[in-house]
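Undergrad: Generate coordinates for the sequence data below:
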Amino acid sequence: MRSSLSNLSNMFRVPDLRNKVLFTLLMIAVYLLGANIPCPGISYAAIHEAATSGTHGGVFSLLNLFSGGALARFAVFGLGIMPYITASIIIQLLMVVIPKFEKWRDEGPTGQKKLTQVTRYTTIALAVLQSTTLVYAFHSGSPVLLGTSSSIDYIPHFSIPLVLLIILTMTAGTVVVMWLGELITQRGVGQGMSVLIFVNVVATMPAGGKTIEAQAGWAALAAIIVVSIALLVAIVFIEQGQRRIPVTFAKRVVGRRMYGGQSTYIPMKVNTGGVVPIIFASSVLYFPFLLSNLLPSKGWGLTVQTWINSHLAQPDDATYIVIYGVLILGFAYFYATLMFNPQQQADIIRKQGGYIPGIRPGPPTERHLQRILNRITLPGALWLAVIALLPALALAFFHIQNYPFAGTTLLIAVGVALETMKQVDSQLMLRNYEGFLS
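TA: Okay, the predicted model is just below:
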């Protein structure tokens, strides 16, 4: 305990690091302020009624989780970072089919700046679309979306000018959230968007625990906390797991000096994508539900809405579980390929005069790395699917409607905390201080 407090004090002894930490905390405070200010024209009575009577299950729990409860309050920052995440998914998928995007990716910082700009514009477009669908959904008071037993109209004085004002407010809020995330990345500690996700999921835990106690009692809450602690240990273990691929560099003479002759390794994580595949799958899964609110309320539109509400909006439904699990597996492999390109890694090893013992350089090395990537990604992807589907088991076993200590929540919290601590550690080590993970 004394060592941990000493390491914490070390963080504030370095002026540059102390300023980064304080700046990050300031940005988080600004974000939390915007997440608690409702949009103009929203009924405070409806917000209170939904907070006291709503169970917030189904699709709403996914939306509300990544907004830190701001969506339940229809706040200025109600959309949170989900439009930015969805835009990032779209851009990464388009890299496979649009050569221009792939060329920008390979150009380094200059190309990355162009991709970031395209992602920003896509985020704004998605924010307009999502805020529009949410306005109509919250006005209709869909019990499936809100997780309530009856309809609740958030916008009683519904009119076109008011709708446009709310859409403009939520879109502007998304732009500000995106800006705050980039500021944290540039001038604070950790990756900005990940830090905001961390704040969102942690902010919902206390209220979620109270909900479990009210619905299932103290015994169920205690059992879930014990399971969550065991799950937390398992997540840390898996997150740190990696396979080290040995690489040997041949000796070469440059002038009068000899270089190379050293052995190193390429670390390949079991869970390469972290929580990103779960976030991707959640984004894809809730998007059809939002669009369904714009369909006609009769005929084929009603049929589509009924099917989506009965299957894709119910976490304990078999269709939801299967589709969600398949999406996670697919995105896990997709993101692992993006993060670790076997062809690129094989070229780098060959150009640097290295080789994997027992494997010839070039295409054989590429095939070897691809085979290892496929094998190590499978258990990591299955692990992510199990983590994400744990709430469905809680719904069935404990008969509760909201599960705040889900594997997704813990995985986000642990992943972001570990990465941020590693970044702080590297800053402390550079100045000869002892870090948290040392």
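
Undergrad: mind checking which helix or strand the residue nearest the centre of the chain is in?
TA: For the chain, the residue nearest the mean C-alpha position is I279 (4.5 Å; C-alpha atoms, centre = their mean). Element membership of I279 [criterion: DSSP states H and E] is helix 276-292.

Undergrad: go on, G69?
TA: Counting by DSSP H and E, G69 is part of no helix or strand.

Undergrad: wait, doesn't it sit right on A35?
TA: Yes - in this structure, G69 is within contact of A35 by C-beta atoms under 8 Å, at 7.3 Å. Any C-beta I mention is one placed from the backbone N, CA and C, and that applies to glycine too.

Undergrad: Neighbour count: the two, which is higher?
TA: A35 (24 against 20; other C-beta atoms under 10 Å).

Undergrad: Give me the next element, helix or strand, following the worst-scoring helix or strand of the chain on mean pLDDT.
TA: In the chain, the helix or strand scored least confidently by mean pLDDT, DSSP states H and E is helix 143-146, which has a mean of 55. Sequence order places helix 160-187 as the next helix or strand after helix 143-146, per DSSP H and E.

Undergrad: Report the buried residues of the one helix or strand K103 maps to.
TA: Assigned by DSSP H and E, K103 belongs to helix 99-106. Across helix 99-106, burial judged by 16 or more other C-beta atoms under 10 Å covers 101, 104-105.

Undergrad: Just the closest of those residues to L291, please.
TA: F101 (24.8 Å; C-beta to C-beta).

Undergrad: I'd say the closest one and L94 touch.
TA: Yes - between F101 and L94 there is a contact under C-beta under 8 Å: 5.5 Å.

Undergrad: same question for the helix or strand hosting A29, mean pLDDT?
TA: Element membership of A29, judged by DSSP H and E, is helix 15-34. The average of the pLDDT scores along helix 15-34 is 86.

Undergrad: next one: stretch 264-273
TA: Mean predicted confidence for stretch 264-273 is 80.

Undergrad: where does the stretch 151-300 of the chain dip in pLDDT?
TA: Applying pLDDT under 70 to the stretch 151-300 of the chain flags the ranges 151, 207-209, 211-217, 220, 251-261, 290, 293-297.

Undergrad: let's see 50
TA: Nowhere does the stretch 151-300 of the chain drop to pLDDT under 50.

Undergrad: So what are the structural domains in this structure, by residue number?
TA: Taking automatic domain parsing as the domain assignment, the ranges for the chain are 1-195, 241-405.

Undergrad: Adding distance to I225 as columns, could you present those domains in CSV?
TA: Output for these, formatted as CSV (distance: least, C-beta to C-beta, whole Å):
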stretch, distance to I225
domain 1-195, 18
domain 241-405, 7
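
Undergrad: can you tell which of those domains is closest to I412?
TA: Comparing the domains of the chain under C-beta to C-beta, the one sitting nearest is domain 241-405, at 4.9 Å.

Undergrad: before we move on, back to that, which secondary structure elements does the helix holding I279 contact?
TA: helix 59-65, helix 82-97, helix 109-140, helix 318-339, helix 363-398, helix 407-430 (3 or more C-beta pairs under 8 Å, 6 or more residues apart in numbering; DSSP states H and E).

Undergrad: Can you say which of these is packed in most?
TA: Stretch with highest mean neighbour count among the helices and strands packed on helix 276-292: helix 59-65 (a mean of 24; mean count of other C-beta atoms under 10 Å).

Undergrad: For stretch 221-234, buried residues please.
TA: Applying 16+ other C-beta under 10 Å to stretch 221-234 flags 221, 224, 228, 231-232 as buried.
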